[in-house]
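1. Starting from these lines, generate the structure:
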Amino acid sequence: MELRDYLMPGEYILGIIRNVDVNYGDFKNFAITNRRFILFNTKKKRSLFKSQEDISKMSSVAFGDACGMGIKRKRKNFLTKEIQIEICGRLTFYKTSERMSCDDKRGFNPITLRRALPLGPPLEEVSRMIFSAFDSVGKNILEISKDTETGDELIDFYVFNPECVSEINL
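-> Next up is the predicted model:
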């Protein structure tokens, strides 16, 4: 079966990234829909007249009633080395430091995208695709940049439900 056969009614694909290392080698492909992230592997099925890719392994993380999500890009020498995506059940915005944190991770481990596999896109292109896909779903409300000795860490938060964001004056 193809990826579109696994979509729920009303769900549509915002973007597909192929040939990346997802969750430390468990998956090789990553799709974003308007409702969830889909991690999947494919196998080629060939017939005499056409070649088709079927899903061989799949997992998904639904946004559901999540408050939003955080996308962390770890960089070294101006190149993105890793992208982590966290689904947040609750977000806290610290006004004085203009910092936001993902407080309730809904029991999900972050989705990790690492170096591109051969024939895969560079992670800078992957992060641009993720941001453009989510510009239509959520609102990018804050970007935090941290410079460390080992490299840069950039964090973007997207809010799906502004009513669940707590504000604290710290």
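
2. Which SSE is immediately downstream of the least confident helix or strand in the chain by mean pLDDT?
-> Counting by mean pLDDT, DSSP states H and E, the weakest-scoring helix or strand in the chain turns out to be strand 139-148, with a mean of 55. Downstream of strand 139-148, the next assigned helix or strand under DSSP states H and E is strand 151-159.

3. okay, that following strand in CSV with CA atoms only?
-> Provided in CSV are the C-alpha atoms of strand 151-159 (Å, rounded to 0.1, in the frame of the first residue of the first chain):
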residue,chain,number,x,y,z
GLY,A,151,27.8,25.1,17.8
ASP,A,152,24.5,26.9,17.5
GLU,A,153,21.1,25.7,18.7
LEU,A,154,18.0,27.3,17.2
ILE,A,155,14.5,26.6,18.5
ASP,A,156,11.2,27.6,16.9
PHE,A,157,7.9,27.0,18.6
TYR,A,158,4.6,26.6,16.7
VAL,A,159,1.3,27.1,18.6
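
4. partners of the very next helix or strand once past it in the sheet?
-> Proceeding N to C from strand 151-159, the next assigned helix or strand is strand 165-168, under DSSP H and E. Its sheet considered, strand 165-168 pairs with strand 90-94 (parallel) by DSSP bridges.

5. Buried residues, the helix or strand following the partner strand. List them.
-> Once the chain leaves strand 90-94, the next helix or strand it forms, by DSSP H and E, is strand 99-104. For strand 99-104, a neighbour-count test (16 or more other Cβ atoms under 10 Å) marks Met100, Ser101, Cys102 as buried. Where C-beta positions appear, they are placed from N, C-alpha and C, glycine not excepted.

6. burial of Ile155, as a residue count?
-> Using other Cβ atoms under 10 Å, Ile155 has 20 neighbouring residues.
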